[in-house]
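**Student:** Below are the sequence and a predicted model for it; my questions follow.
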Amino acid sequence: MIGPEPAARASLAAVIRHNLAAIERMQEALPVLAPEAGYAASAGVAYALHNIYCALENSFDQISRTFENHVVETDRWHRELMLKMFLDIPGVRPRVLPESVRLALNELRSFRHVFRHSYDFKLDAKKLNHLVDQWRLEGQAVLEALSRFAAWLNA
């Protein structure tokens, strides 16, 4: 398989493991919100979800830069970057993520975009709880997939 030198692979694996550890710490800040949750409680959960996706996206970005370093649609690069993680690129790298987590990650990515760019946006406890529930259902599969990819890098 064509790919980066061993030092670059080891460096990428270390970055992925660092991001995984950060995500595991952030998951602790994901309580279930009461429907009448105040702004501070909702903002804390929203910020944790935002940061979880940012850590994931950092791993995706580093993987892409290390292997294929090619994002075409610069105005939609966040979406394109995530979608590339579902691709098996023969002769370059295996797929990073299982197809089963695509919907959950896409919703988390979309939420992160709105949360990051909308300054007058009401946080809805029901929608936040939905994202937390989705992360609890699918997040472990995402983390395990990234962990397997990091192990593959060191193999």
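**Tutor:** Now that the structure is in, tell me what you want to look at. Numbering: from 1, shown residues only.
**Student:** What are the buried residues along the host helix or strand of R148?
**Tutor:** When secondary structure is defined using DSSP states H and E, the element that contains R148 is helix 125-154. Of the residues in helix 125-154, those buried under the neighbour-count criterion (16 or more other CB atoms under 10 Å) are 125, 128-129, 131-132, 134-135, 138-139, 142-143, 145-146, 149-150, 153. Every residue, glycine included, has its C-beta placed from N, CA and C.
**Student:** cool, and stretch 91-102?
**Tutor:** The neighbour-count criterion (16+ other CB under 10 Å) identifies 93, 96-97, 101 as the buried residues of stretch 91-102.
**Student:** can you list the residues that contact that stretch?
**Tutor:** Stretch 91-102 has contacts (CB atoms under 8 Å, 6 or more residues apart in numbering) with 1-3, 60, 63, 67-68, 85-88, 105, 138, 141-142, 145-146, 149, 152.
**Student:** Phi first, then psi, for the residue of the chain most remote from its centre.
**Tutor:** Ranked by distance from the centre of the chain (CA atoms, centre = their mean), the top residue is E36, with 28.4 Å. For E36, the backbone dihedrals are phi -100, psi 20 (criterion: degrees, to the nearest 10).
**Student:** Show the model's pLDDT score for it.
**Tutor:** If you check E36, the pLDDT there is 79.
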